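Student: following is a predicted model, sequence given first.
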Amino acid sequence: MFNHKKLVLILIIIAAAVVVTFALAINKSNEKKHADSANVEGNTVSSSSVKADEQIKNVSGSGNITDNISGAEISGAENVESSSASTGQIRSEKNSSGTRTRSGENSGSENTNASEAAENTVSTSIELIDTLQPGTIIDEASISDSSSYFKTYEIHEGDDIYNRINGKSYRQNKNISLCDLRYLKILYYDFSNQIKVGEIIVNRSIADSTLSVFKELYDEKYQIHSVELVDNYWTGDGASTDIASQAADNTSAFNYRMTTSGKKLSNHALGKAIDINPLENPYIITENGVQHCDIDASTPYFDRASELPHIILKGDSCESVFEKYGFKWGGDWTNPVDYQHFEKK
């Protein structure tokens, strides 16, 4: 009997030990699971933080992308200025800095500014006429839109056009400044019926009407011997340079000089007068019934009824187009009479 009870007691003790051991094992297992779960959550938070940081960096970086686009636009504008400086154009209508954005702006704003930058880059692209030198012969078949070959440029101190005219046809004075002048490029048909690039400087107040005149003369295939700045014929002073340009039968406009009589400032000095084919359309003074002209080669053209080519007559295509745009013709004067001369005040 005693032995039986003792055995039962031992079994109870062993069972209790097993239960306690099992309970401890379960508890450790649960603690391990909690620890693992905490580590996973910690890693997830850390990973999310890294991704968030990367996203923030990317958003900030996109500001640099916008700056790069704007920078490309500025570079494009500078290239236009550099190339067009040879033809007088220095200023662009678009302001490239206007498309810059700060780092960290939202993506919608960045996309808008990037789009504007691209648009401005296109708007400042170099046109063909900007690259063509005066006197260049153009194949008519290559011209798809002749209007794009008629263009106005500002002149600024230090650019190529300024350097060509400064101290010659242009000198600092109280009557007209650089900002009052415009350099124009045009197309015209020469006496051989070739299409050439021409250049002329006029007052900005008549720049648009002058372009319109030459565009219509071009459309009518009206022949002009040459259209160059008088500075190409510079002799040392405005008056004798004017005669040299006339003798070369060169069509021109601006030349800061006095009138032929020397008594007052010429309208050419203000860029408000244009001389067309001057050799065939001379400036004539009559004294004691005798006609005089500075250009001997122009004598055959004193007779306006001679039907010689390139004579300007009242009501012809040249005189009519100039009259259409508000110019007055020197051929309507009495004495002197200036058949080459058209002016607009």
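Tutor: Sure thing, it's come through. Here the structure is a predicted model, which is why all the values come from computation and not from measurement.

Student: tell me who's in contact with Y339.
Tutor: 281-284, 301, 304, 311-312, 330-331 (CB atoms under 8 Å, 6 or more residues apart in numbering). Heads up, the C-betas are built off the backbone N, CA and C, glycines and all.

Student: same check on E216?
Tutor: Residues near E216 by CB under 8 Å, 6+ apart: 321, 324.

Student: just to revisit the earlier point, adding secondary structure and distance to H225, write the contacts of Y339 out as CSV.
Tutor: Output for the contacts of Y339, formatted as CSV (DSSP: H, G, I helix; E, B strand; the rest coil; distance: CB to CB, whole Å):
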residue, secondary structure, distance to H225
N281, coil, 11
P282, coil, 14
Y283, strand, 16
I284, strand, 19
Y301, helix, 13
R304, coil, 18
I311, coil, 13
I312, coil, 13
G330, helix, 18
G331, helix, 18
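
Student: tally of neighbours for the closest residue to T286 other than its chain neighbours?
Tutor: Nearest residue to T286, sequence neighbours excluded (CB to CB, 6 or more residues apart in numbering): N335, at 5.1 Å. Here the count is done by other CB atoms under 10 Å, and N335 has 9 residues near it.

Student: what do you get for S209?
Tutor: 16.

Student: roughly how far does it sit from K272?
Tutor: Using CB to CB, to the nearest Å, one obtains 11 Å as the distance from S209 to K272.

Student: overlap in contacts of the two?
Tutor: Contacts common to S209 and K272, judged by CB under 8 Å, 6+ apart, are K344.

Student: the residue nearest to T286 falls within a helix, correct?
Tutor: No: secondary structure assignment (DSSP: H, G, I helix; E, B strand; the rest coil) places N335 in coil, not in a helix.

Student: surely it is in contact with Y283?
Tutor: No: judged on CB atoms under 8 Å, N335 makes no contact with Y283 at a distance of 11.1 Å.

Student: still on that earlier bit, just the contacts of Y339 now: which is nearest K345?
Tutor: Distance to K345 across those (CB to CB) is lowest for G330, with 13.1 Å.

Student: need the contact list for K168.
Tutor: Taking CB under 8 Å, 6+ apart as the test, what K168 contacts is 230-231, 234, 241.

Student: look up the residues forming beta bridges with K196.
Tutor: I137, Y188 (DSSP bridges).

Student: next secondary structure after the helix or strand bottoming out on mean pLDDT in the chain?
Tutor: Of all helical and strand segments in the chain, the minimum by mean pLDDT, DSSP states H and E falls on helix 107-123, at a mean of 41. Note on helix 107-123: by DSSP states H and E, the next helix or strand toward the C-terminus is helix 128-131.

Student: what residues of that next one count as buried?
Tutor: By neighbour count on 16 or more other CB atoms under 10 Å, the buried set for helix 128-131 is 129-130.

Student: in terms of secondary structure, what does that helix contact?
Tutor: helix 2-84 (3 or more CB pairs under 8 Å, 6 or more residues apart in numbering; DSSP states H and E).
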